[in-house]
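Student: I would like the atomic coordinates for the input below:
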Amino acid sequence: MIERIRHMLIKEFLQVFRDPKMLRVIFVLPVIQVLIFGYAVTTDVRHVALAVFDQDNSIESREMVARFEKSKYFDVVARPRSEQEVLDVLNNSRATALLRFDTRFGDDLRAGRTAQLQLLLDGTDSNTAGIVANYATRIVGDYSQNVLLERTSRLLGPMRQPGRVEVARRAWFNENLESRNFYVPGVIALVVMLVSLMLTSMAVVREKEIGTMEQIIVTPIRPIEFILGKTAPFALIAMVNVVIISLVAVFWFEIPIRGTVLVLLAGTLLYLLSTLGIGLLISTVSQTQQQAMMSTFLFFLPAMMLSGFLFPIANMPEPVQWLTYVNPLRYFLVVIRAVFLKGTGLDILWPQFLALAIVGIVTFTVAVSRFRKTLA
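Tutor: Presented below is the predicted three-dimensional model:
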């Protein structure tokens, strides 16, 4: 048995490493993907393009605009002078937000009345619009409080400021609340899944296309030996990929890895047990490599959407949440983020390890069973 598996391993390694293009796809492309997604996948909203339509042009309105400019969130990019220019700025997406002051803004403030300030938002991206609205509300609130205190001091003279409550915030694990620290480990999990699925989904079907499956059928090799010989090289390649792109995450993006590397590697092995089993299952039911490739992407996209990588699972409808329990990416995202950011060990992550083991054993068993039916 060991001798037959050894020959399969040699064959698979030779087939992979004799193709320079395949080597670039396996080892270079994942690093490029991590670099691209590491910069692109972020929910931090900064340098919001802001337009200002100031019909008042008073000291108060200019001070308000200055507060927006001094913050790290807004950049004034346009100052329309008419209603038509306001529409043009918003319709042409030259600005994400627009501040509009009416002609009585400064007079109302000086008279002690409530001054009206309109904030127009580009709502096509609802998440960004909500964050921008929160930023603007905070800036306007601080300005309004300062105006109220100054007016009270002028009317009543110097007085002791009333007591107030301040929240002392402290974020654990991700101290600066950088969304990149949260998303880049998830990108590592996505890239590993995509690479392992692509390699294994074409493993068996390639034998069918080049005509060597008949030769394998008449050999004494058993299905489990064939499966192990096919998956072991890809598992090793995927582990090397994890090490390489993890180094990129730590040294390029400066994402801390606070946990034990052995826990990360153990979780990756169980994760690969699932992804390689799914890839082999796709390969056994496909007749051509094109079918295998299409089936891989048909599985990968829903798996990504139902993993919690982009959208919280708790926000999904309950029937959809049940589907996520068979998704190995859901569990590995918890493992890799906990190891990178929290330093969590097996004493806490064992439910995810157990789930990955169950999913992996089931998928491998089905893949071996399906391959036996193909031989019959």
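Student: Quick check on residue 260: phi, psi?
Tutor: Phi and psi for residue 260, reported as degrees, to the nearest 10, are phi -90, psi 130.
Student: Phi, psi for residue 310 please.
Tutor: Main-chain dihedrals, residue 310, degrees, to the nearest 10: phi -100, psi -40.
Student: Report the contact partners of it.
Tutor: Residue 310 sits next to residue 304 when contact means Cβ atoms under 8 Å, 6 or more residues apart in numbering. (C-beta placed from N, C-alpha, C; glycine too.)
Student: how close does it get to residue 183?
Tutor: Distance of residue 310 to residue 183, given as Cβ to Cβ, to the nearest Å: 9 Å.
Student: which residues of the stretch 1-150 of the chain fall in helices?
Tutor: For the stretch 1-150 of the chain, the helices defined by DSSP state H, counting those that start in this stretch cover 2-17, 20-23, 29-40, 59-70, 83-91, 105-110, 126-156.
Student: Pick out the shakiest of those helices, pLDDT-wise.
Tutor: Here the lowest mean pLDDT among the helices of the stretch 1-150 of the chain goes to helix 2-17, at a mean of 70.
Student: remind me which residues of the protein are low pLDDT?
Tutor: Within the chain, the set of residues satisfying pLDDT under 70 comprises 1-5, 7-8, 12, 151-166, 210-221, 223, 371-376.
Student: Dead centre of it: give me the residue that sits there.
Tutor: Centroid-nearest residue in the chain: residue 183, 4.2 Å away (criterion: Cα atoms, centre = their mean).
Student: Doesn't it belong to a helix?
Tutor: Yes. With DSSP: H, G, I helix; E, B strand; the rest coil as the criterion, residue 183 is part of a helix.
Student: From residue 188, how far out is the spatially closest residue to it that is not a sequence neighbour?
Tutor: Leaving out its chain neighbours, the residue that sits closest to residue 183 by Cβ to Cβ, 6 or more residues apart in numbering is residue 41, at 4.5 Å. Using Cβ to Cβ, residue 41 is found at 12 Å from residue 188.
Student: These two: which is more packed in?
Tutor: More crowded of residue 41 and residue 188, by other Cβ atoms under 10 Å: residue 188, with 29 against 17.
Student: my guess is the more buried one meets residue 243, correct?
Tutor: No. Counting by Cβ atoms under 8 Å, residue 188 stays clear of residue 243, with 10.5 Å between them.
Student: quick one, helices of the stretch 201-350 of the chain?
Tutor: 203-210, 213-218, 223-251, 261-285, 289-305, 318-323, 328-337, 346-375.
Student: could I get these as TSV with distance to residue 85 and mean neighbour count?
Tutor: Listed next are these as TSV, based on distance: least, Cβ to Cβ, whole Å; neighbours: other Cβ atoms under 10 Å:
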stretch	distance to residue 85	mean neighbour count
helix 203-210	59	18
helix 213-218	68	11
helix 223-251	45	19
helix 261-285	54	23
helix 289-305	40	17
helix 318-323	45	10
helix 328-337	46	25
helix 346-375	55	16
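Student: Let me know which of these is the nearest to residue 110.
Tutor: With Cβ to Cβ as the measure, helix 328-337 is the member of those nearest residue 110 (52.2 Å).
Student: what's the angle between that closest one and helix 223-251?
Tutor: Going by axes from the mean of the first three to the mean of the last three Cα atoms, to 10 degrees, helix 328-337 is angled at 40 degrees with respect to helix 223-251.
Student: quick one, domains of this protein?
Tutor: Domains of the chain are assigned by automatic domain parsing as 8-42+178-375, 48-156.
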